[in-house]
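Participant: just to be clear, the model below is a prediction. Sequence and coordinates:
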Amino acid sequence: MRRHTRRRRIAIALALAAAGGLGTVAVLPAVAQESGPEAEAVDWGACPDDVTGGDRLECATVDVPLDYDEPDGKTIGVMVSRLASTDTEERRGILLLNPGGPGGAGLSQPVELVDLGLPDGVTDAYDLIGMDPRGVGHSTPVSCGFTNEQGHPGNVPPYAVDDAAVAEHAAYAKSVAEQCAANDTEGLMPHMSTANTARDMDFIRAALGEERLSFFGASYGSVLGAAYASLFPEESDRIVIDSNVGGTALDYDAQRRWGSGFEENFQHFAEWAAERDAAHGLGDTPEAVQDKYFEIAERLDQEPVGEYDGRLFRFLVFVSLYSEDAFAPAARLWESLDLGDAAAADRAVGELDAPVATDAADTPSPYDNAWSAYLAVTCNDADWPEDLATYQANTAADREAHPMYGGAGANVNACAFWANEPLEPQVEITDEGPANVLIVQNELDVATPYPGAELNREAFGDRARLVTVDGFGHGVYVYGGNACALNTTTAFLLGGELPEDDVHCEA
């Protein structure tokens, strides 16, 4: 029991950064929704004390309809932040931002992007608008009531060695779904969706007095940007979607793509480790490093080191493939587990910035809101399989096709048991509208593998261009270091013209 608890606790890194979304489902008409109550002007003031860089921002809460089918009914608050342009001559409008998730808070993102090196031309041209999406952070929050003692609620399902392991996790996933339903006393959960968040974005656009809205979103933010550009093509200005999930929902097909993404991205780590075999002793060739991975994982399946079993090890290796910055602590984790040193493994996990909660009984988890929002949006956006046999068969197939991590992507989560069915079909990406969507993507990205960008490029048709970077990692524009991608994206945001053709950027 404690072993499973530890695995759940440290999954927040993947739960908020990885995203997915694809599948053949019924679709909404790709048109703007009928307007509801007229948005009131935004009253800017100080940001909450816990917003990073809040002293450089101003914040406000916009009241939006809980249910857009009842626009004059109950409202909820959505908090936004602003880093205003100080160049009145160059100012073009607003650039709304999303850092990913679902469940990721974004009030501090304008400052974070500036500190990472967002070009001055962009900050001159736009007011940067951060947002805690509906249900998240300082917006009217959702909660499943997750506690530290309970640990991670299984947003990201674990690797499963056989059908019995899938069934064991299904029982836990079912209890999570029931807990979320029991804690949703205000009826917020069914209205947590990407489509409704896109509608909130347009409501905020109107409240700010802007005719059109530009957008930059990464990871799950690509889902949100694709939905907005499809629901509101004429209100969308310049849309940049980075590290693409593919489509407008995080669904089962996208979750399963993690298996193939792991295999491809692992080779980059294996080459890195082989070059440093004298330091870490994981193998002097990429093939030897891969053999060591299987050796450690299978040994931990049989004999865990402290609370580190094979499922937890595979997950932590997956998380370490988000960025080369994680390679060194990941290698130290491998060394520690190979030697059977749980304390050293704990220190390496700390270097990976994977949060570990305490065992204090009934203490609310600091990640309750993020995990709750993740589950609500994920489960409401798509129609997930409900038959356990489907998950067992697909887990077995993916374990065979992608043995390093494939069985996890196909495993069951709480969406199989969610209390409500999706209230509306998934948004369909439309190729009808202005040519104003720039898709940027690394070829190697474990969280959002390259096929997601190809899917979006095909769906948007002539509305879009694809900027492919011969690079590794999760995040391209500003978050990555490729000059070609930075220049191409900045030129689009400032000039408004898409490249004539798709662009390939060398590493």
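Facilitator: Received it, and whenever you're ready, just let me know what you need.

Participant: what average pLDDT does the helix or strand where Val317 lies get?
Facilitator: Assigned by DSSP states H and E, Val317 belongs to helix 310-320. For helix 310-320, mean pLDDT rounds to 94.

Participant: can you check stretch 206-220 too?
Facilitator: Stretch 206-220 carries an average pLDDT of 97.

Participant: now that stretch: buried residues?
Facilitator: Of all the residues in stretch 206-220, those buried under the rule 16 or more other CB atoms under 10 Å are 206-208, 210, 212-220. All C-beta spots, glycine's among them, are computed from the backbone N, C-alpha and C.

Participant: ditto for stretch 325-345
Facilitator: Residues of stretch 325-345 classed as buried: 326-338, 344-345 (neighbour count, 16+ other CB under 10 Å).

Participant: would you check that Ala408 makes contact with Val317?
Facilitator: No - the criterion here is CB atoms under 8 Å, and Ala408 misses it with Val317 at 11.1 Å.

Participant: give me the distance between Leu231 and Gly104.
Facilitator: From Leu231 over to Gly104 the distance is 21 Å, taken as CB to CB, to the nearest Å.

Participant: wait, what's in contact with the closest residue to Tyr477 other than its chain neighbours?
Facilitator: Distances taken as CB to CB, 6 or more residues apart in numbering place Thr489 nearest to Tyr477, at 4.6 Å, with adjacent residues excluded. Shown in contact with Thr489 (CB atoms under 8 Å, 6 or more residues apart in numbering): 240, 438, 440, 467, 476-477.

Participant: at 6 Å instead, please
Facilitator: 240, 440, 477 (CB atoms under 6 Å, 6 or more residues apart in numbering).

Participant: part of a helix, is it?
Facilitator: Yes - read with DSSP: H, G, I helix; E, B strand; the rest coil, Thr489 is one of the residues of a helix.

Participant: which of the contacts of Thr489 tops the neighbour count?
Facilitator: Of all the contacts of Thr489, the most densely surrounded is Val440 (30 neighbours; neighbours counted as other CB atoms under 10 Å).

Participant: which SS state does it fall under?
Facilitator: strand.

Participant: and it, what is it in contact with?
Facilitator: Residues in contact with Val440, defined by CB under 6 Å, 6+ apart, are 242, 467, 476-477, 485, 489.

Participant: just the closest of the residues you listed to Gly495, please.
Facilitator: Set against Gly495, the nearest of the contacts of Val440 by CB to CB is Thr489 (11.1 Å).

Participant: so for that closest one, what's the pLDDT?
Facilitator: 98.

Participant: the one 10 residues further on now?
Facilitator: Here the pLDDT value assigned to Pro499 is 98.

Participant: return the distance of it relative to Cys484.
Facilitator: Distance of Pro499 to Cys484, computed by CB to CB: 11 Å.

Participant: who touches stretch 271-284?
Facilitator: By CB under 6 Å, 6+ apart, the residues outside stretch 271-284 that reach it are 285-286, 289, 292, 327, 331, 334-335.

Participant: out of these, which sit inside helices?
Facilitator: Counting by DSSP state H, the contacts of stretch 271-284 place 286, 289, 292, 327, 331, 334-335 in helices.

Participant: okay, these in TSV with pLDDT and distance to Asp368 next?
Facilitator: As requested, the ones in helices among the contacts of stretch 271-284 are exported to TSV (pLDDT from 0 to 100; distance: CB to CB, whole Å):
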residue	pLDDT	distance to Asp368
Pro286	98	40
Val289	98	37
Lys292	98	37
Phe327	97	31
Ala331	98	33
Trp334	98	31
Glu335	98	34
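
Participant: and those residues, which is closest to Val412?
Facilitator: Closest approach between the ones in helices among the contacts of stretch 271-284 and Val412, by CB to CB: Trp334, at 28.4 Å.

Participant: perfect, that will be all.
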